[in-house]
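Peer 1: Sequence first, predicted coordinates after that:
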Protein chains: 2
Amino acid sequence: MKPTNRRPLTLRDVSEASGVSEMTVSRVLRNKGDVSEATRLRVQEAAKRLGYVPNKIAGALASQRVNLVAVIIPSLGNMVFPEVLSGISDVLSGTDLQPVVGVTDYTPEKEEKVLFEMLSWRPSGVIIAGLERSEASRAMLAQAGCPVVEIMDVDGEPVDACVGISHRRAGRKMAEAILENGFKRIGFLGTKMPLDHRARKRFEGFTQTLAKAGLEIADQEFYSGGSALAKGREMTEALLKRTPDLDFLYYSNDMIGAGGLLYLLEKGYDVPGQIGLAGFNGVELLDGLPRKLASMDACRREVGERAAKIIADRVADPDADEGLVIELTPKLHPGETLNRI
Amino acid sequence: MKPTNRRPLTLRDVSEASGVSEMTVSRVLRNKGDVSEATRLRVQEAAKRLGYVPNKIAGALASQRVNLVAVIIPSLGNMVFPEVLSGISDVLSGTDLQPVVGVTDYTPEKEEKVLFEMLSWRPSGVIIAGLERSEASRAMLAQAGCPVVEIMDVDGEPVDACVGISHRRAGRKMAEAILENGFKRIGFLGTKMPLDHRARKRFEGFTQTLAKAGLEIADQEFYSGGSALAKGREMTEALLKRTPDLDFLYYSNDMIGAGGLLYLLEKGYDVPGQIGLAGFNGVELLDGLPRKLASMDACRREVGERAAKIIADRVADPDADEGLVIELTPKLHPGETLNRI
DNA sequence: TTGAAAGCGCTAACAG
DNA sequence: CTGTTAGCGCTTTCAA
């Protein structure tokens, strides 16, 4: 089967093939307005026979409406974002809206570019991760003329609506749980990403609560690139070599936490008796680990669902929910690496 | 910062603000044609000051060109596809083309829908996973009037171009390696997905090679849904409980393989002395496992890169590479769970 | 180097 | 229920 037709078909072709006016053909193809059953059938038959695919570009220009929702996230490799997407996608599939994904690689420059590119298609809404961005990006969002939902974080000033958790609060909560369990010599392992503001806020909340208890991070280690699982091992080894008396390791994500856990169990550490562990995100992966890693669930699916809901509602009624801020509560999963009974 | 302007700006607004004709404004904004430095600056200043974002819908309709490449894949949760995407994205970022992702959830119906939806935006090219699809989908691709690259598999009849590995060959190759190492009682663990044609073909190639050696799969187990790592554990346990004398387990993906590996090591099995293991995909994750799982690399990144290259070349020159088929060679990574020296 | 006119393929609005 | 008439905001083409 080889490409046959260079010129894509137009409404006119269907109109001629069916002997019905373009306008009526358009009505049939959009299920809009009343059309007699007879004409409907003739048109549908002709459209299908010819293999007509409507031109949404022309349709969008004429109707001034585009059923696309721009979804802008930092990365797809993270497991976290696909889950948000799937929440969005589930909700939107109940409407006629369609998500379109753009990726920023955690850089404000790329974000600006992607945002500009997507807005130039005049989407019906924008869902975008985080609250920190360039002035130019904020300006574009403010002028977009469509609903904007910033997601995954609520610690900051949204342009419009906002759904997420407070990462500062999440960091504090984890610190409290660790302190309650009597851990004192705490190490931190994270990513070398100054632009991951959510990780930064968790870290701030974490250290802040430790400080209140008169403690500080005893040692820390950062990585970038490579297999997170392998890096978790390496960093854990390096950290404990340098500071052997640590009794707790707080990882900025579950993947490196899992690597650390595997390493410690292999080396015969008593977890959590001798050393406690916790990660962040509550990823599904944890279920298969030899011991369940403590973590905190960032409500990723729900974030996606709520954000999509806000867009859908606003598309239906432009005044609904303007500037709405939804703070979700991250749940602590103590797993088997945090509680010393 | 609140949304200020309901009506998005048009070229005309910039034209009026700068005192330059719409046409010349358009030229400046697209770097097309000769414009005097003076006018160029005035226009750029005005556009930036107003925060003008061009309307690509109108532009695309007028110019009959869209710089979008439709990328259609079964899932984002799989880790495999984000890697392909990143290959595509890397290559396209060197052009003015932009990928747009659609997800089919491994169903032909959703694929048909997504494909129709994307084609109705008249993309410059289509990259789509797999070779098996409904007649309607094939027809749409054939009529699309743009380059089409089917990826990840070469065992079948492409509509146009094609880049991937032969999964049948991959299955055979793995079987050969297993046989060479003297394993005889082989179990298979996979997903319950009749529509995952690539997994099916690997399985066929695998059993076919076993058959030539007078062997067959001794037992098998399938799963669907849930944490793949956890499922890998459960299935492994179930399989060995039922058929304790297996000496090799072939997993249809690395994640369940990793779960199985963790389970076996925990239970004190001698791997690969007592029982050998292999997965498929060569995911990065494997580097952090206690013992490196044997696997086979599906060249995911390269597949993405090559596919994007084909599209880019064809956009530049419509006659380039038509119907090109590129078969990549999957590499076997024996890891530490296959070779008994 | 700049501008004016004529659509791109479709749909809103109105008339029959 | 069906058709006609005007654009949507931009770019192509041609003229100045």
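Peer 2: Good, I have the coordinates.

Peer 1: Would you mind naming what in the stretch 51-200 of chain A lies close to chain B?
Peer 2: Residues of the stretch 51-200 of chain A lying near chain B by C-beta under 8 Å from any C-beta of the partner chain: A:51, A:53-58, A:60-61, A:66, A:76-77, A:79, A:82-83, A:85-86, A:89, A:98, A:100-101, A:103, A:116-117, A:119-122, A:138-140, A:142-145, A:148, A:157, A:159-160. Using the backbone N, CA and C atoms, a C-beta is placed for each residue, glycine as well.

Peer 1: how close does the residue of the stretch 201-341 of chain A found nearest DNA strand D get to residue A:160?
Peer 2: Residue nearest to DNA strand D within the stretch 201-341 of chain A (C-beta to the nearest atom of the strand): residue A:318, separated by 16.9 Å. Counting by C-beta to C-beta, to the nearest Å, the separation of residue A:318 from residue A:160 is 12 Å.

Peer 1: One more: residue A:177?
Peer 2: Residue A:177 is 34 Å from residue A:160, by C-beta to C-beta.

Peer 1: Check residue A:140 too.
Peer 2: 12 Å.

Peer 1: how much space between residue A:124 and residue A:239?
Peer 2: For residue A:124, the distance to residue A:239 equals 48 Å [C-beta to C-beta].

Peer 1: what sits against residue A:196?
Peer 2: A:74, A:106 (C-beta atoms under 8 Å, 6 or more residues apart in numbering or on different chains).

Peer 1: Nearest the geometric middle of chain A, what residue?
Peer 2: Nearest to the geometric centre of chain A sits residue A:81, at 3.7 Å (C-alpha atoms, centre = their mean).

Peer 1: That residue: helix or strand, and which one exactly?
Peer 2: Using DSSP states H and E, residue A:81 sits in helix A:80-92.

Peer 1: other SSEs contacting the next helix or strand after that helix?
Peer 2: Downstream of helix A:80-92, the next assigned helix or strand under DSSP H and E is strand A:98-103. Here strand A:98-103 touches strand A:68-73, helix A:80-92, helix A:108-119, strand B:98-103, going by 3 or more C-beta pairs under 8 Å, 6 or more residues apart in numbering or on different chains; DSSP states H and E.

Peer 1: Which of those sits closest to DNA strand C?
Peer 2: DNA strand C sits nearest to strand A:68-73 of all the helices and strands packed on strand A:98-103, at 14.9 Å, using C-beta to the nearest atom of the strand.

Peer 1: Quick check: chain neighbours aside, which residue is closest to the residue nearest to the centre of chain A?
Peer 2: Excluding its sequence neighbours, the residue lying closest to residue A:81 (C-beta to C-beta, 6 or more residues apart in numbering or on different chains) is residue A:73, at 4.5 Å.

Peer 1: Okay, strands next: where are they in chain A?
Peer 2: If DSSP state E is used as the criterion, the strands of chain A fall at A:68-73, A:98-103, A:125-129, A:148-151, A:161-165, A:186-191, A:219-223, A:248-251, A:276-278, A:295-297, A:325-328, A:331-333.

Peer 1: interface residues of chain A facing DNA strand D?
Peer 2: Within reach of DNA strand D by C-beta under 7 Å from any atom of the strand, chain A has these residues: A:20-24, A:27, A:33-36, A:38-39, A:58, A:61-62, A:64.

Peer 1: which residues does residue A:238 contact?
Peer 2: Residues counted as contacts of residue A:238 (C-beta under 8 Å, 6+ apart) are residue A:221.

Peer 1: distance of it from residue A:200?
Peer 2: Distance, residue A:238 to residue A:200, by C-beta to C-beta: 22 Å.

Peer 1: quick revisit: reformat the strands of chain A as a markdown table; add distance to residue B:221, mean neighbour count and mean pLDDT.
Peer 2: Shown next, in a markdown table, are these (distance: least, C-beta to C-beta, whole Å; neighbours: other C-beta atoms under 10 Å in any protein chain shown; pLDDT from 0 to 100):
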| stretch | distance to residue B:221 | mean neighbour count | mean pLDDT |
| --- | --- | --- | --- |
| strand A:68-73 | 35 | 25 | 98 |
| strand A:98-103 | 35 | 22 | 95 |
| strand A:125-129 | 38 | 26 | 98 |
| strand A:148-151 | 39 | 28 | 98 |
| strand A:161-165 | 38 | 27 | 98 |
| strand A:186-191 | 36 | 22 | 96 |
| strand A:219-223 | 36 | 17 | 96 |
| strand A:248-251 | 33 | 28 | 98 |
| strand A:276-278 | 31 | 25 | 98 |
| strand A:295-297 | 29 | 24 | 96 |
| strand A:325-328 | 37 | 16 | 98 |
| strand A:331-333 | 28 | 16 | 96 |
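
Peer 1: I'd like these as JSON lines, with distance to residue B:109 appended.
Peer 2: Shown next, in JSON lines, are those (distance: least, C-beta to C-beta, whole Å):
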{"stretch": "strand A:68-73", "distance to residue B:109": "21"}
{"stretch": "strand A:98-103", "distance to residue B:109": "16"}
{"stretch": "strand A:125-129", "distance to residue B:109": "26"}
{"stretch": "strand A:148-151", "distance to residue B:109": "29"}
{"stretch": "strand A:161-165", "distance to residue B:109": "31"}
{"stretch": "strand A:186-191", "distance to residue B:109": "40"}
{"stretch": "strand A:219-223", "distance to residue B:109": "43"}
{"stretch": "strand A:248-251", "distance to residue B:109": "41"}
{"stretch": "strand A:276-278", "distance to residue B:109": "42"}
{"stretch": "strand A:295-297", "distance to residue B:109": "32"}
{"stretch": "strand A:325-328", "distance to residue B:109": "33"}
{"stretch": "strand A:331-333", "distance to residue B:109": "35"}
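
Peer 1: separation between residue A:109 and residue A:137?
Peer 2: 10 Å.
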